[in-house]
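please work out how this folds:
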Amino acid sequence: MSKPEIPATQPKSVHLAAGTEVWWCRCGKSKDQPFCDGSHRVTDFEPVAFKAEKEGDYMFCQCKMTKTPPFCDGSHRQLSG
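Just a heads-up that it's a prediction; the model follows:
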């Protein structure tokens, strides 16, 4: 599998209502980060579905290196630059 693009090196906090379903961009090409806009169609990546069980703020990974997709696990701290 190829490596994803890194659109940002910080997570993005997104407020979601209970029951809201989103698709997290895994390829890094989406112009609607951290969510999918279909740009993965030219890659070997697929987006990750997430449905909020409760209303709240969720920290979505934008470096695409997380081991806990779609959420930030601090992997961005290991990136240089």
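
point out where this protein drops to low pLDDT.
Low-confidence regions of the chain, defined here as pLDDT under 70, cover residues 1, 80-81.

can you tell me the closest non-neighbouring residue to Cys62?
In this structure residue 62 is Gln, not Cys. Among residues not flanking Gln62 along the chain, Ala8 sits closest, at 3.8 Å (C-beta to C-beta, 6 or more residues apart in numbering). Where you see a C-beta, it was placed from the backbone N, CA and C, and this is true even at glycine.

quick check: that neighbour vs Gly74, distance?
14 Å (C-beta to C-beta, to the nearest Å).

next one: Glu21
Taking C-beta to C-beta as the measure, Glu21 and Gly74 are separated by 25 Å.

more neighbours: which of those two?
For Glu21 versus Gly74, the count of surrounding residues by other C-beta atoms under 10 Å is larger for Gly74: 13 against 9.

for that one, grab phi and psi.
When read as degrees, to the nearest 10, the backbone of Gly74 gives phi 90, psi 0.

if we can go back for a sec, I figured the residue nearest to Gln62 hits Cys63, correct?
Yes: the criterion here is C-beta atoms under 8 Å, and Ala8 meets it with Cys63 at 6.8 Å.

these two: which has the busier surroundings?
More crowded of Ala8 and Cys63, by other C-beta under 10 Å: Cys63, with 22 against 14.

how about that one, nearest residue that isn't a chain neighbour?
Of all residues beyond its chain neighbours, the one nearest Cys63 is His76 (4.1 Å), with distances taken as C-beta to C-beta, 6+ apart.

am I right that the one you found falls within a helix?
Yes: when the secondary structure is assigned by DSSP: H, G, I helix; E, B strand; the rest coil, His76 falls within a helix.

is it correct that Arg41 falls within a helix?
Yes: assessed with three-state DSSP, Arg41 lies in a helix.
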